[in-house]
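J.: output the structure for:
(one chain, ligands or ions: 3)
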Amino acid sequence: MNPERLFVTGIGTDVGKTLIAAILTEALGADYWKPVQAGLTPTTDSATVRQLVTNPACQFHPEAYRLQLPASPHTAAAAENKLIRPADFTLPQTDNHLIVEGAGGLLVPLAPGFLIVDLIAQLGLATVVVSRNYLGSINHTLLTLEALRQRGLAVRGLIFNGEPNPSTEDFITQHTGVPLLPRILPEATVNAAAVSRYAPAFRAAFGL
Ligand SMILES: Nc1ncnc2c1ncn2[C@@H]1O[C@H](COP(=O)(O)OP(=O)(O)OP(=O)(O)O)[C@@H](O)[C@H]1O
Ligand SMILES: C[C@H](N)[C@H](N)CCCCCC(=O)O
Ligand SMILES: [Mg+2]
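T.: Ligands and ions are numbered 1, 2, ... in the order given. This is a model prediction of the structure:
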């Protein structure tokens, strides 16, 4: 069976990509890679996923760029007199399933003329899109899905995270025809137990 190689993107920053990357990593027993980490304190996304995952099959690959400033990666890089180079991004060597987490949303800049969406295309990965409900999230979700469609990039599934909103979710689903993966509810505590609870539904969704 071909391993799943998925890029977790979202409709913006703070929508739950790291939580969902942890759930996918746990569910598939996958490797995890965050190519660009902007902001190192209080913690990194890779360290967070490490804490949330208990499946011993999971391996963690080092970031290509670790930048101090919690800002857009192009800004965080400039603050350290660095320029992010597309050639520095090559997929980690593994035969395992691989979950890759972006930074912010799809059109976040890494360098002049090089956005997160260009990185997805360069790596040749299918996407998982995370949407979180807030007023304005319909527009952000449709724009994200349209940008992927225009570039011919595959969507393995859309995940609604947080407080459900049936009217919003039904419109997005019907308008785009995008496949859905299991939804994530608001969790009182984001911890390994919560991640483990969602893993079986995701294993089933991936036919595992
Ligand atoms: N379903 C949920 N229930 C409770 N808290 C959540 C849920 N989803 C996300 N959070 C919390 O919301 C915050 C932002 O989530 P997360 O860090 O996963 O966002 P992100 O999309 O990965 O952001 P970034 O662009 O910085 O990588 C975190 O504190 C996370 O624990
Ligand atoms: C610092 C933050 N948590 C993310 N790592 C980067 C978010 C970049 C957003 C840029 C933008 O869309 O304006
Ligand atoms: Mg994250």
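J.: verify the stated contact: Ile120 with Leu153.
T.: Yes - at 5.9 Å, Ile120 counts as touching Leu153 under the criterion of C-beta atoms under 8 Å. All C-beta spots, glycine's among them, are computed from the backbone N, C-alpha and C.
J.: quick check: neighbours shared by the two?
T.: Taking C-beta atoms under 8 Å, 6 or more residues apart in numbering as the criterion, Ile120 and Leu153 both touch Thr127.
J.: pLDDT value on Cys1, please?
T.: To be clear, residue 1 is Met; Cys isn't right here. Reported pLDDT at Met1 in the predicted model: 72.
J.: contacting residues for the closest residue to ligand 2 within the chain?
T.: At 3.2 Å from ligand 2, Gly104 is the closest residue in the chain, using C-beta to the nearest ligand atom. Contacts were defined as C-beta under 8 Å, 6+ apart; by that measure Gly104 touches Gly10, Gly12, Thr13, Ser72, Ile116.
J.: picking that back up, looking at Ile120 and Leu153, which is more packed in?
T.: Neighbour count, other C-beta atoms under 10 Å: between Ile120 and Leu153, Ile120 has more, with 21 against 18.
J.: which non-adjacent residue is nearest the more buried one?
T.: Nearest non-adjacent residue to Ile120, counting by C-beta to C-beta, 6 or more residues apart in numbering: Phe7, 4.9 Å away.
J.: can you check Gly29 too?
T.: That would be Ala57: by C-beta to C-beta, 6+ apart, it lies 3.4 Å from Gly29.
J.: how about Thr173?
T.: Leu180 (6.3 Å).
J.: can you tell me the SS state at the most far-flung residue of the chain relative to its centre?
T.: Of all residues in the chain, Asn81 has its C-alpha farthest from the mean position, at 26.8 Å, by C-alpha atoms, centre = their mean. Secondary structure, DSSP: H, G, I helix; E, B strand; the rest coil: Asn81 is coil.
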